[in-house]
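Peer 1: Fold the following for me, if possible:
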Amino acid sequence: MRVLIVGAGEVGFHTALRLSSERHDVIVVDLSASRIREVAERMDVQTLVASGSSPLALQEAGVEHADMVVAVTDSDEVNMVACLYARLLAPSATRVARIRETDYLTMPEAFGPDHLDVASVINPEREVATQILNFLKVPAASSVTDFAGGKVKLLGLRVPAASPLVGSRMAQLRSPDGPVFLVAAIERDGEMIVPRGEDILLSGDLAHLVARARDVDQVLTHFGLSNQPVRNMVVVGGGTIGRMVAAGAQAMGIKVRIIEKDPRRCRRIAEDLDGVVVLSGDGTDVTLLREENIGSTDVFAALTDDEEDNILMALLGNKMGARRTVTRVAHVGYVPLITSLGLDLVVSPRFAAAGAIVSYMRKGKVLSVASLKDSGAEVIEVEALATSGVVGKPLAKVKMPRGALLAAVSREGEVIIPTGTTVVQPGDHLVLFLLPDVWRKMEKLLTVRLEYF
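Peer 2: Below you'll find the predicted structure:
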C-alpha cells in the first residue's frame, strides 16, 4: 500500500515508523526540514519538505498514486485542507484526518461526500478519554480492551509482589478449578516477551492476558489483585480530555471533582457538568491536594496540557495514597519510563492517534485492533475464512508464524480459550496476539491456503 502522510510530528513519525516496518510504500511531507531529516534518518521512507496543504506539494509527493492519505499535522485546518485537495487530486484514495477541535466534530456533514469525504476522523482526545473510561471499569488492570462484542477482554495486569503466582512457571499459572485465561505476552524491563511454558512470572511483570468477560473478577483474584469499584475520582485539568472523562465517569455513577487553574474554564465546566464539583486551583499545590484529601480518592487523574506537571502530580497523588493514578503525557517515548516509576495508567494522545490510524488501516481485514503501548505488538480480532490455513485442523498442527499466538476463539456467542486440540471453524472470530513484523505472514495464513483450490 502506498501511504502519503502529511505531518512529521510525533503522530506522523510513529505512524510512518509502523507502516515502513511493515514494508508499506510511505512518503512523509512536512514544512519543517529538521523533522523531515529525523524521519529520513530513522526509517526507509520518501520525504518532502513542503506544506501539506499545498496542492502543488501534494502533486509533487505523488498523491495521485496514493492508496491512502493521512493528514496528522498539529493544525486541524491544514489537515482538512490537505484532505480536501487529496479528494480532488486522488479521488480513489482513502483519506484519514486528525481533528482535535471538538467544534469541528459537531458538524459531521462537513466531512460527507460533498465536502472532504474523510473516511475516518481521528480525535486523539476522544481516543484517550475512551482508554481512561475503560480503565475505570476494571481499575485493578493497567489497560482494558474489548473484543468479540465485549465477551473477550484483553487485560494488562501488573503482578504485585504479594501475588501467589510470583515464581510460578507459565505452565502452572492456571489451575484445574480456576478461571480460564491465556497470557499472550509479558512486559519486563521495557522488553516484550512471548512467554513459554517454562518461563517464570516475576513481581512487577506487566502480563497481557486474554480472558472471558465473565471471568475477569476471578482472574484478578487469581493474580492477587482486588477490583474494588471506583466510587470517586479527582481530575486535574478541565480541558477536552478532562471534561470527557468527567462526563463519562459521572454517567457511570462515579463522584467527580475537577481541579482547574483557569477561572473561566471552571465556570464553563460548572455550567456544562451539573453535579461535578469544580475547584479553582493549581493541581501541583500540595496544600490544596491535602485539603482535598487526595489520599482517600479511588482514582487521581492528572490530565493537564503540561506533561511535567502531570507526572509530578501523579507521583504526589500516588505518595499521598490515591488508590490508582492516570497520567497524561505528550511524548510517546515517556510512556515506558513513567510506567516504571510505579504509576498506573499512562496515556498519550499522540500515541493514541497513531494507534488509531494503524488500526484503521487494518479495517476490512480485521474486526478490531489494539496496540500494546509503543512495543509495536498488536492484538487483532479477525473472522476465520473457510479458505484460511488455520481452519479445519487442530491448532497443534497449524504452522503459526513465530511471534503470533491465537489467544481466544469466539463461536456463536461462546468464548473458547484455545489449546492444541482446538479446531477453528469458518466464521469463528479469532483474537490473535502479534509481535511486530508478523502481520504480513499472519495475513497470508488467514486468507487462502493453496490446497483449497
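
Peer 1: In this model A407 seems to touch L182, though I could be wrong.
Peer 2: Yes. Counting by CB atoms under 8 Å, L182 touches A407, with 5.0 Å between them. Bear in mind the C-beta positions are built from the backbone N, C-alpha and C, glycine included.

Peer 1: domain ranges for the protein?
Peer 2: 2-122, 140-222, 232-352, 384-452 (automatic domain parsing).

Peer 1: So which of those is nearest V366?
Peer 2: Closest of the domains of the chain to V366 is domain 384-452, at 8.6 Å (criterion: CB to CB).

Peer 1: model confidence over that closest one, on average?
Peer 2: What domain 384-452 shows for mean pLDDT is 85.

Peer 1: where along the stretch 351-453 of the chain do the helices fall?
Peer 2: With helices called from DSSP state H, counting those that start in this stretch, the stretch 351-453 of the chain shows them at 439-446.

Peer 1: Also the stretch 151-300 of the chain?
Peer 2: Under DSSP H, counting those that start in this stretch, the stretch 151-300 of the chain gives helices at 216-222, 240-251, 263-272, 286-291.

Peer 1: follow-up on the earlier one: among L182 and A407, which residue is more densely surrounded?
Peer 2: Between L182 and A407, A407 has the larger neighbour count (other CB atoms under 10 Å), namely 24 against 20.

Peer 1: what separates stretch 187-196 from the chain centre, distance-wise?
Peer 2: Distance of stretch 187-196 from its chain centroid, counting by CA atoms, centre = their mean, to the nearest Å, is 18 Å.

Peer 1: From the rest of the structure, what touches it?
Peer 2: Where contact means CB atoms under 8 Å, 6 or more residues apart in numbering, the residues beyond stretch 187-196 that reach it are 170, 183-186, 199, 202, 204-206, 208, 336, 340, 372-373, 375, 377, 403, 405, 433, 435.

Peer 1: Return the members of these classed as buried.
Peer 2: 170, 183-186, 199, 202, 205-206, 208, 336, 372-373, 375, 377, 403, 405, 433, 435 (16 or more other CB atoms under 10 Å).

Peer 1: so who does S359 touch?
Peer 2: Contact partners of S359, counting by CB under 8 Å, 6+ apart, are 368-371.

Peer 1: what about 7 Å?
Peer 2: Applying CB atoms under 7 Å, 6 or more residues apart in numbering to S359 gives the contacts V369.

Peer 1: so how far is G275 from it?
Peer 2: From S359 over to G275 the distance is 34 Å, taken as CB to CB, to the nearest Å.

Peer 1: so what's S20 closest to, chain neighbours aside?
Peer 2: M43 (4.6 Å; CB to CB, 6 or more residues apart in numbering).

Peer 1: from what I can see the one you found touches A16, true?
Peer 2: Yes. M43 lies in contact with A16 (CB atoms under 7 Å); the separation is 6.2 Å.

Peer 1: more neighbours, those two?
Peer 2: Higher neighbour count among M43 and A16: A16, with 26 against 17, using other CB under 10 Å.

Peer 1: Next, count neighbours for R23.
Peer 2: Around R23 there are 11 other residues, counting by other CB under 10 Å.

Peer 1: and it, what element?
Peer 2: Assigned by DSSP states H and E, R23 belongs to no helix or strand.

Peer 1: how near is it to M1?
Peer 2: 10 Å.

Peer 1: okay if I get the helices of the stretch 151-300 of the chain as CSV plus mean neighbour count and distance to E307?
Peer 2: What follows is those, written out as CSV (neighbours: other CB atoms under 10 Å; distance: least, CB to CB, whole Å):
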stretch, mean neighbour count, distance to E307
helix 216-222, 18, 30
helix 240-251, 21, 13
helix 263-272, 14, 19
helix 286-291, 14, 18
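
Peer 1: Check the spacing between M400 and F181 real quick.
Peer 2: M400 is 19 Å from F181, by CB to CB.

Peer 1: between those two, which one's more packed in?
Peer 2: Neighbours per residue (other CB under 10 Å) separate M400 from F181, with F181 holding more: 25 against 16.

Peer 1: How about P349: what's its closest non-neighbour residue?
Peer 2: P124 (3.5 Å).

Peer 1: where are the low-confidence patches of the stretch 101-250 of the chain?
Peer 2: Applying pLDDT under 70 to the stretch 101-250 of the chain flags the ranges 105-117.

Peer 1: For E22, list the residues it contacts.
Peer 2: Counting by CB under 7 Å, 6+ apart, E22 has contacts 439-440.
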